[in-house]
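Visitor: next input, structure requested:
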Amino acid sequence: MTAISTAWEHARSLARDSAGPPLPVVGRDLDEALGHALAAPLRALTDLPAFDTSAMDGWAVAGPGPWRLREGGVLAGEEPEPLGPGTAVRIATGAPVPAGASAVLRREHGESTGPLLDLSEGELAPGRDIRPRGQECRAGDVLLPAGTTVTARVLGLAAAAGYDRLAVHRRPRVELLVLGDELLESGVPRHGRVRDALGPLLTPWLRGCGAEVVARRRIPDAPAPLRAAVRDSTADLVLTTGSTAAGPVDFLHTALAETGARLLVDSVAVRPGHPMLLAALPPAADGRPRLLAGLPGNPLAAVAGAVTLAVPLLRRLGGHADAEPPRTVCAAALPGHPRDTRLLPVRRTDRGAEPLPFDGPAMLRGLACADGLAAVPPGGLAAGAAVELLSLSPSPDG
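Guide: As a prediction, the model looks like this:
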């Protein structure tokens, strides 16, 4: 077991290292690849554009004017006839430029009289308003490196470059175990019980982080059900909420010991969320490694644990490239903990990161309005100081 007592960055690094190599490579159709990570560089299968195209509505012209107008026109998706010297033909934006054309004359810059076309103003330089073949890339060019998260924008680029399927890493399978007899599934808090906020919060967030959430289960506060759930899970990552401290019904440490797990991190110097943990579980029946990340039960503390341990681990398992957290300046003083890093909900403004109220470990109001979590070192930061921000967006790559 590695004790983390001074720098929470070490815990994030250890979570990434504990994941081991990325999960296996699979092929996915474009409509199934969203959120995966590219397992190989995305190389252009063709020149882009694949042929010279018109950048404007107007006329494709050959040589200097005036030009003799050819009947008909060229639309996108058509194969145009070549143009002879001194001739022109109407052309639409995006249409292939006929062989022999030297430029495209914009509609507003041309004037036709009977069968002749001439400039109404200015000059027409060779190549004007033609998007030349290969302007964006040549066949074989690397468009995106391996490890890039497949976003909607990446899908658009892949389709334009001719791809029907992508080689990506398999999504990490996650089972979410929500612990606590005090949790309600519906309605308002009552009779000493509170609503489960972490199940609805973490499930879509984990999916946005590239995980496949295979199950979300409520586990009662008893040693046997927790031990069985941890032992029998076939997920790559078991994520638990609650039971990480040393209270009267905190059985997670006992369950891990009884299932033969090996603790890798047992508390992290971060507030809120310091009683988080990371453990290597015995391998699955097919030999696959299994990991468990234990998050505290308080909502903001659980999110702090997720961004510290679970998200870095999931990104490495899924083959996503490491992303450096953005930095900004403090719009106002950010209060810190005397000894530990504090993760503080902040809003980004024109002046920098501004702290939000309602930032207690059991609160969600500040988190719901936050643009990120500021990593505030022990002692706090003065206004104007630089600060690292951790993303609360489901997909850090957008």
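Visitor: please enumerate the strands of the stretch 51-200 of the chain.
Guide: Using DSSP state E, counting those that start in this stretch, the strands of the stretch 51-200 of the chain run over 53-54, 58-61, 67-74, 87-91, 103-106, 110-113, 116-119, 130-131, 142-144, 165-169, 173-179, 183-184, 194-195.
Visitor: again with the stretch 201-350 of the chain
Guide: Counting by DSSP E, counting those that start in this stretch, one finds strands in the stretch 201-350 of the chain at the ranges 212-219, 237-241, 262-266, 270-271, 277-281, 290-295, 327-329, 341-349.
Visitor: before we move on, the earlier item: which of the strands of the stretch 51-200 of the chain sits most buried?
Guide: Mean neighbours per residue, mean count of other CB atoms under 10 Å, is largest over the strands of the stretch 51-200 of the chain for strand 58-61, with a mean of 27. In short, each C-beta sits where N, CA and C put it, glycine included.
Visitor: for that one, which strands pair with it and how are they oriented?
Guide: Each strand paired with strand 58-61, and its direction, by DSSP bridges: strand 87-91 (antiparallel), strand 103-106 (antiparallel).
Visitor: any chance of JSON lines for the ones you listed, columns distance to Ala60 and mean pLDDT?
Guide: Shown next, in JSON lines, are the strands paired with strand 58-61 (distance: least, CB to CB, whole Å; pLDDT from 0 to 100):
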{"stretch": "strand 87-91", "distance to Ala60": "5", "mean pLDDT": "96"}
{"stretch": "strand 103-106", "distance to Ala60": "6", "mean pLDDT": "95"}
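Visitor: dump those strands into CSV; add distance to Ala55 as well.
Guide: Shown next, in CSV, are the strands paired with strand 58-61 (distance: least, CB to CB, whole Å):
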stretch, distance to Ala55
strand 87-91, 10
strand 103-106, 7
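Visitor: ok, the residue sitting furthest away from the middle of the chain to Arg68 distance?
Guide: Here the chain has its C-alpha centre computed as a mean, and the residue farthest from that point, by CA atoms, centre = their mean, is Gly114 with 57.2 Å. Distance, Gly114 to Arg68, using CB to CB, to the nearest Å: 10 Å.
Visitor: just to revisit the earlier point, nearest to Ala269, of the strands paired with strand 58-61?
Guide: In terms of CB to CB, the element of the strands paired with strand 58-61 nearest to Ala269 is strand 103-106, at 63.4 Å.
Visitor: chain center to the closest one: distance?
Guide: Computed by CA atoms, centre = their mean, to the nearest Å, the separation of strand 103-106 from the middle of its chain amounts to 41 Å.
Visitor: among the strands paired with strand 58-61, which is nearest Asp17?
Guide: With CB to CB as the criterion, Asp17 lies closest to strand 103-106 of the strands paired with strand 58-61, at 55.5 Å.
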